[in-house]
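**Student:** the following comprises the amino acid sequence and a computationally predicted model.
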Amino acid sequence: MTSASDTPTPDRASPNYVLIGHVTRDVVEDGFVVGGTVTYAGLTALALGRTVGAVTSVSPDLNLARSLRGIEFRVQRSAATTTFENVYHAGHRQQWVRAVASPLTRSLVPVSWRASPIVHLAPLVGEFGIDMVAAFEHSPLLGLTPQGWLRTWSADGFVRRSGWARPEEVLPRCDAVVLSEEDVEGDWEVLRSYAALTRLLVVTQGSHGCTVFDHGRGWQVSAYPTTEVDATGAGDVFAAAFFIGLLNDGDPIGAAHYANCVASFAVEALGTEGIPTASAVAERLAARPSAVALE
């Protein structure tokens, strides 16, 4: 039994949006850019007014203080930084893993971070196990983007989608889960089985918006009209905005509209350049599309 003295309590200096996952190098034509869910979701949370902390693992040559200014890090040093190469064809991504950083453990997470108002578990390459979930049982909102538990890669690094081995051990313990329909290769039978295991499951669908399963009932929430330049990281931007919107007012449909709006900016520019300010989001929200209940 846990006593009150054993319960982690965030102090004033603690971040109110905590991310767990690998910062990545994303290969581009002239070198690399810093990427991964921690990057895109972390910068989004900062732009929307949260204070952000992240637990990650990178090689010493990647200067996080310079690359991701404003995010407080706890770092497991590693010989390599997780590296991805992405190629897009007609809106669909092919991906290769070129390097993998050291794994993350619960001991890296400061005690005062464990009850953060929002905790976002963001595995990319299986860098931590499901035991990490137990570290955040006192967080008001435990969010998960499980893509790293839904992929494997071949000897040459080519990423393939794989089945989630033990979703029933994780999903019931999360307050909100966000993933892309591409994470399961469009298998809606699988997505509905996940929705039956968790309170809130949100499936992002690119230009088609998203589907929100709230206690198993589905709602289709339309996207905001936009001109796509670069979709990299848009799902991570969406997830951060959704978790923030959900914590703010408790309405999953309203949070999905908000997240669709924020993500619509993210695809309009390269990399992280499209992450919007809170004021820009507020202005675009005035053109809110509809939500439709699914049968």
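**Tutor:** Alright, I've got the coordinates. Residues are numbered from 1 along each chain as shown.
**Student:** the closest residue to Thr24 other than its chain neighbours: neighbour count?
**Tutor:** Counting by CB to CB, 6 or more residues apart in numbering, the nearest residue to Thr24 once its immediate chain neighbours are dropped is Gly36, at 3.7 Å. All C-beta atoms are positioned from the backbone trio N, CA, C, and that covers glycine. Using other CB atoms under 10 Å, Gly36 has 27 other residues around it.
**Student:** hang on, Gly36 packs against Leu124?
**Tutor:** Yes. Between Gly36 and Leu124 there is a contact under CB atoms under 8 Å: 5.9 Å.
**Student:** okay, the residue nearest to Thr24: pLDDT?
**Tutor:** Listed pLDDT for Gly36 reads 96.
**Student:** quick revisit: if I look at Gly36 and Leu124, which residues touch both of them?
**Tutor:** Common contacts of Gly36 and Leu124 (CB atoms under 8 Å, 6 or more residues apart in numbering): Gly21, His22, Thr24, Thr82.
**Student:** and the last one, how far from Ser279?
**Tutor:** Right, the one you point to is Thr82. Applying CB to CB, to the nearest Å, the value for Thr82 to Ser279 is 34 Å.
**Student:** more crowded one of these two?
**Tutor:** Set side by side, Thr82 and Ser279 give different neighbour counts by other CB under 10 Å, the larger being at Thr82 (27 against 7).
**Student:** top of the shared contacts of Gly36 and Leu124 by neighbour count?
**Tutor:** Highest neighbour count within those, by other CB under 10 Å: His22, with 34 neighbours.
**Student:** quick one, what contacts the residue nearest to that one when sequence neighbours are not counted?
**Tutor:** Excluding the flanking residues, the one nearest His22 by CB to CB, 6+ apart is Thr82, at 4.2 Å. Contacts of Thr82 were listed using CB under 8 Å, 6+ apart, and they are 22-25, 36, 57, 97, 99-101, 124-125, 127.
**Student:** of these, closest to Arg160?
**Tutor:** Val97 (10.7 Å; CB to CB).
**Student:** hmm, the closest one is touching Asp156, no?
**Tutor:** No. Using CB under 8 Å as the test, Val97 is too far from Asp156 to be in contact (9.5 Å).
**Student:** more neighbours: which of those two?
**Tutor:** A count of neighbours by other CB under 10 Å puts Val97 above the other of Val97 and Asp156, at 20 against 8.
**Student:** that one bridge partners, please.
**Tutor:** Counting by DSSP bridges, Val97 forms beta bridges with Phe84.
**Student:** same question, Phe32
**Tutor:** Counting by DSSP bridges, Phe32 is bridged to Val27.
**Student:** and the pLDDT at it?
**Tutor:** 91.
**Student:** where does Ile275 land on pLDDT?
**Tutor:** Looking at Ile275, the pLDDT reads 97.
**Student:** residues in contact with it?
**Tutor:** Contacts of Ile275 by CB under 8 Å, 6+ apart are Tyr40, Leu43, Thr44, Ala47, Val237, Phe265, Ala266.
**Student:** hmm, 6 Å instead?
**Tutor:** By CB atoms under 6 Å, 6 or more residues apart in numbering, the contact set of Ile275 is Leu43, Thr44, Ala47, Ala266.
**Student:** which phi and psi does it have?
**Tutor:** With angles defined as degrees, to the nearest 10, Ile275 sits at phi -60, psi 120.
**Student:** now Glu189
**Tutor:** Dihedral pair for Glu189: phi -70, psi -40, per degrees, to the nearest 10.
**Student:** just checking: what are the partner strands of the helix or strand hosting Leu142?
**Tutor:** Here Leu142, judged by DSSP states H and E, is contained in strand 141-144. Take DSSP bridges as the rule and strand 141-144 pairs in its sheet with strand 118-121 (parallel), strand 176-180 (parallel).
**Student:** could you list the low-pLDDT ranges of the stretch 1-150 of the chain?
**Tutor:** When residues are selected by pLDDT under 70, those of the stretch 1-150 of the chain lie in 1-7, 10-12, 89-91.
**Student:** for the record, mean pLDDT for the helix or strand where Leu201 lies?
**Tutor:** Leu201 belongs to strand 200-204 when assigned by DSSP H and E. Across strand 200-204, the average pLDDT comes to 98.
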